[in-house]
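Student: quick one, what's the 3D model for this:
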Amino acid sequence: MQKSLSVYDSDGSTFAPLVVIELVSETKEEAIAWLLNRVRDKQQDGGAELLVEQLTPGAQGTEKDNPNVYVVGASWQRLLYGAEDVGLFKEFNDGSMRGFTYANKHNFKEFQGDGDGFLSMAECQYIIKHELDNLRAKDEAHVPGYPKMKLYPGKSVIRRMQSKGILVQVFPLHEKEELKRLSFSWFKKIKLSFQPLDDIRHYFGEGMALYFGFLEYFTLALIPMALIGIPYYLFDWEDYDKFTVFAGFNLVWCTVILELWKRLSASLAYGWGTLSRKKAFEEPRPGFHGVLGVNPVTGRAEPLYSNAKRQLRIYLVSVPFVLLCLYLSLYVMMIYFDMEGWALMIHDEEPTFWTGLLLFIPSIIYAVVIEIMNLIYRYAAEFLTGWENHRLESTFQNHLVLKVLVFNFFNCFASLFYIAFVMQDMVLLRQSLATLLITSQILNQIMEAFLPYWLQRRRNKKAHKRMIKTMEDKELPLSEQVKLEADMSTYLGTFDDYLELFLLFGYVSLFSCVYPLAAVLVVLNNVTEVYSDAFKMCKVFKRPFSEPAANIGVWQLAFEAMSVIAVVTNCALIGMSPKVKSYFPESETQLILWVVGFEHFLLASKFILTFVIPDVPKHIQIKLSRLEFESLEALKKRVKHFGKDKLQNLG
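Tutor: Numbers count the residues shown, from 1 in each chain. Predicted coordinates for the structure are as follows:
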């Protein structure tokens, strides 16, 4: 917890500032007073029962500074009750992970005294965010001072004010000493060791820790592929027949590593208390709109939107738009092949060093164009998915991921499939794969870490200097720290990070038998990715709210789908090998049937392997079953005890 900085609430009690709320500078006074009262009110009165105070400008404050910035905290007792409300799992005295309850607090392993230090700062900030998000309108018809900003019972106040632009941002504060320690063990000291996943989880939450855990695991899993690929590259470069063994290894590798990751992520999630945690009831997205009605589950008034209208928008607008984008991508790809043919013609007419270099120019230009198209399409997909008006954030994310994955897959890999199976030019395939892979890695590193950092410096050089001082030794006043962090870029989640890993996995699993160094390049990229991602989380972006997660979600399905496509691709490449073709000199139909049969056998083996390897390790399954049994026994005793009391009262 951030004890060095504290503020006084209106009742005179001190509290550690955990979360910042920023309203627009011209917000009406009555709206501010109403919101603050709702934040402070007792829970039984419909409030959040949190501590909140206006941030007083420091010595360096100017007239341009926004006066409507507030810091939020809570008493320890309130946070402990909140931990029970959100369903946090903590380690029990017997070593098992159990849902925290305030009445049973002293039976949890690390609970001492009044519970100070029992919850991490990230958990406290998550609890406060949960309480703010669940601050609901009672009998107010509109936000005070804003007659057009309608409210109705059960509507989330914070979400409403965010969607209407009154509330600028809500973000958690950094804890400087803890951040400094994490930075040192994570990326400041270059060393060959595992990442401090527990420390990352403690500071940024389980969702972020699982991403970095997957990045580390994926990198380590690539090492066998890289070690086998180097001798293939050095000694058997032009002998594609010998790559059939490498392709076979590739097929087993991409299945096994994904199944083992499920087990590892289950072990991590169990240790962090998120594996058996029940998912909270999802509230409507801030941007969701519709006709006012009643939710049949909660009984609250909320917008309702016809599913038929949404389906019409998806199938009559979104699907044709995606198909149009795929057509444009195909058109750009054909332009690339024309450029490739032009460069090859010039080189064949007069082979020189410069014309040799010219052969790589079309691939480099195409790789850059692919990244630009992916970026533009991402914004279009976000707009379109928002326009579809999905009620839940999870549904919105699933539709967005599907749109982005389909386009990115086609845009990045269509040219490689065309070269491999239409042109059947393995030399060009190897050259294109290498160029696309290297160029995309360089561009991703620039776009993800260095560009945001450079823009941050240009936007506010003075703030950057203060940030460097703060991250190292000197401690800024609270007002300066809040001002500094409020101006930092907002982290938009792990979507783009997982998407990058998904595409890299595709480059390795689909065509690495043709270019065995692909795994080596991806390992090198991932090593630098760890440091660049860690750097941007600690130095470039605002601290994100922690998000409980038991796995990597929809991305697990995406990687498994890619591994299925890899089976088909590698089997086809094996079938194209001259050595394999020599076994079927008279009948190409027999070759095709043999390849298809072999591919079906491998797919069947893959799915059998998926069932054979349990997703959750045996010892964790036993612990979860024991906990479920004890919960049922405790419930039976409670029901039996309640029944006896009722009979005595009747007697």
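Student: helices along the stretch 351-500 of the chain, start to end?
Tutor: In the stretch 351-500 of the chain, the helices defined using DSSP state H, counting those that start in this stretch lie at 353-358, 361-387, 393-418, 426-445, 451-459, 461-472, 478-486, 495-511.
Student: among those helices, which is the most enclosed?
Tutor: helix 495-511 (a mean of 22; mean count of other Cβ atoms under 10 Å). To be clear about C-beta, it is placed using only N, CA and C from the backbone, and glycine gets the same treatment.
Student: and it, average pLDDT?
Tutor: Averaging pLDDT along helix 495-511 yields 90.
Student: how is the protein partitioned into domains?
Tutor: 7-173, 181-305+389-616, 619-650 (the TED database).
Student: start and end of the longest one, how far apart?
Tutor: Pointing back at domain 181-305+389-616 there. Domain 181-305+389-616 has an end-to-end distance of 33 Å (Cα to Cα, to the nearest Å).
Student: next one: it to chain centre, how far?
Tutor: 10 Å (Cα atoms, centre = their mean, to the nearest Å).
Student: between the domains of the chain, which one is nearest to I314?
Tutor: domain 181-305+389-616 (7.7 Å; Cβ to Cβ).
Student: lowest average pLDDT across the helices of the stretch 351-500 of the chain?
Tutor: Among these, helix 461-472 scores lowest, with a mean of 50.
Student: out of the domains of the chain, the one nearest I372 is which?
Tutor: So among the domains of the chain, domain 181-305+389-616 is nearest, using Cβ to Cβ, at 9.2 Å.
Student: next, the residue most central in space within the chain: phi, psi?
Tutor: The centre of the chain sits closest to T494, judged by Cα atoms, centre = their mean, with a distance of 2.6 Å. Backbone geometry at T494, expressed as degrees, to the nearest 10, gives phi -90, psi 10.
Student: skipping adjacent residues, who's closest to it in space?
Tutor: Counting by Cβ to Cβ, 6 or more residues apart in numbering, Y211 is the residue found nearest to T494 once chain neighbours are left out, at 4.6 Å.
Student: E371: which of the domains of the chain is closest?
Tutor: Per Cβ to Cβ, nearest to E371 of the domains of the chain: domain 181-305+389-616, 4.9 Å.
Student: for V317, which of the helices of the stretch 351-500 of the chain is the nearest?
Tutor: That would be helix 361-387 among these, by Cβ to Cβ, at 7.3 Å.
Student: could you give the angle of that closest one to helix 393-418?
Tutor: Put simply, helix 361-387 runs at 160 degrees to helix 393-418, going by axes from the mean of the first three to the mean of the last three Cα atoms, to 10 degrees.
Student: need the helices of the stretch 351-500 of the chain in JSON lines (columns: distance to D533).
Tutor: Shown next, in JSON lines, are those (distance: least, Cβ to Cβ, whole Å):
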{"stretch": "helix 353-358", "distance to D533": "33"}
{"stretch": "helix 361-387", "distance to D533": "18"}
{"stretch": "helix 393-418", "distance to D533": "19"}
{"stretch": "helix 426-445", "distance to D533": "10"}
{"stretch": "helix 451-459", "distance to D533": "12"}
{"stretch": "helix 461-472", "distance to D533": "17"}
{"stretch": "helix 478-486", "distance to D533": "19"}
{"stretch": "helix 495-511", "distance to D533": "7"}
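Student: could I get the domains of the chain as CSV with distance to Y336?
Tutor: Formatted as CSV, the domains of the chain follow (distance: least, Cβ to Cβ, whole Å):
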stretch, distance to Y336
domain 7-173, 42
domain 181-305+389-616, 6
domain 619-650, 49
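Student: quick one: closest of those domains to V317.
Tutor: domain 181-305+389-616 (11.9 Å).
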